Every structure is written in structure tokens, then in C-alpha cells.
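Enquirer: build me a model:
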Amino acid sequence: MTSRFRDAVHCITVVLALLLTAGLASATPDAIVVLGCQSRAELAARVDAAARTLAALPPASGALVVLSGGARFGSGTEASEMAARLARRVPDLSTRARVIQETDSLDTLGNAVFTALTLRRLGWPAGSRVVLVTSDFHLQRSLAYFARLLPQTDQLVGTGARPPGRSLAQDFRHASREAASLTRTQRGLFREVKPAAPDEVLAWLYLHHPYYRGRNDLLQRWR
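Expert: Numbering: from 1, shown residues only. Here you go, the predicted model:
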């Protein structure tokens, strides 16, 4: 079997897995975590999926919504862009949920680390149920990271969003990049840091990750 054929089979497997997991969500989540990105279409699809999940909950459920994304987006951040769109999609948002913007993360690993630190600071109890909302192609890697950083959750499920107009060719390119990125992390960080406690991963990011290397402000804020 050639390497190209193996890569193609792997991409097909990943895409099928994502299609099967897309739309899964806990019936009564304690928290909904939405991951930011730089694509306006993908970001909108993620927020709209979160809005549907939130709208399906009882009005007084008091669910926590964490909007995770500190990269610049327009005049604000990914998190602020998501917050504005979510407010438009859910008119009674202020009474239906508690919304928190997490603005330190600059990539998927950062999403997982700083969301875990945020939940810990809030005194989030063990056994919580969390719904993770991101793009369908991004779901497998995101769930892998969050499962390592949030081992105390009783249920961690994903909702995969898909904007209209994305082609199958784009799906395969996304799946290939996601698989490669997950493999790099598993061979690097997750071999060095066991178990993947948020504090230890933050220290690793500070020492090794180009987005977070030398960021004393993050250590001061979260330690």
C-alpha cells in the first residue's frame, strides 16, 4: 500500500467519522464551549450550531457558554465576534445562559488549555457535561485535546458545524491537515506531559509553542 493511498484512506476514515459525530450533543449540557477561527463562514456556522443547542435547552437551564478565541477578528477578537452573533441568534441570551469570553487562546490547543483553566477558576465540578462546538472537520482533534485537558467531565460530546458551500475537496484538505496536526501533538506534547494537566500544558506552551513562548502575562494570569 503506497503512502498516498494510505493518506487517502485515512482522510476518508476521518471524514466519515466526522459526519457520523456531527450534530451529537448532550441533552442537558452544563456548558457549551464554542471554538473560534479565522474563517467568517466557519465561525458563523459554529455560532449558529451553538445557538441551536442553547435554544433546545429549558429557558432557565443556566448553561454556561464559553466562547474561546483570542485571535484578532475585525475590530475585536474571535470571542467578541462570536458573542455578538450569538446575541443576535438568541434574543433572550442574557436570561438563558451565562456567557464568558476566553481571549487568551490563539489555536486549538490553546482553546483546550485556557477553557480548562477558565472552568477550574469558576469551580466547575467533576461530572459536568460539556458540549464542544466547532467545524465538523475540526471536531476529532478538538475532542482529543479537550478530553486530555478536561478528564473530570462526565460527558464530552461534539457538535460539528458545516457552512453552506464548502466542497468535498476542501473537506479532504481540512481532514488531512487535522490528522497531521493531531499526530504531531500526540507524538510531542502528549508524550512529554502525562497526564495533561492544564498547568503543565501551559508551562509547555510557555517554553515551546511559538504563539505562547515567553508570555509571562499568561503565567501571571493563570497561576
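Enquirer: per-residue confidence for Thr95?
Expert: At Thr95, the model reports a pLDDT of 89.
Enquirer: tell me how far it lies from Gly62.
Expert: 9 Å (CB to CB, to the nearest Å). In this view, the C-beta of every residue, glycine as well, is placed from N, C-alpha and C.
Enquirer: over to Ser142?
Expert: For Ser142, the distance to Gly62 - CB to CB - is 24 Å.
Enquirer: these two: which has the busier surroundings?
Expert: Ser142 (23 against 12; other CB atoms under 10 Å).
Enquirer: just the element for the more buried one, please.
Expert: Ser142 belongs to helix 139-149 when elements are defined using DSSP states H and E.
Enquirer: what is the rounded mean pLDDT of the helix or strand following that helix?
Expert: Counting by DSSP H and E, the element after helix 139-149 in chain order, helix or strand, is strand 155-161. Regarding strand 155-161, the rounded mean pLDDT is 91.
Enquirer: tell me the buried residues in strand 155-161?
Expert: Buried residues in strand 155-161, defined by neighbour count with 16 or more other CB atoms under 10 Å: Leu156, Val157, Gly158, Thr159, Gly160, Ala161.
Enquirer: direction included, what does it pair up with?
Expert: Using DSSP bridges, strand 155-161 pairs in its sheet with strand 129-135 (parallel).
Enquirer: of all the buried residues of strand 155-161, which two lie farthest apart?
Expert: Within those, Leu156 and Ala161 form the most distant pair, 16.9 Å apart (CB to CB).
Enquirer: and the helices in this protein, which stretches?
Expert: Assigned by DSSP state H, the helices in the chain fall at 3-21, 40-55, 78-89, 93-96, 108-121, 139-149, 168-187, 189-192, 198-208, 216-222.
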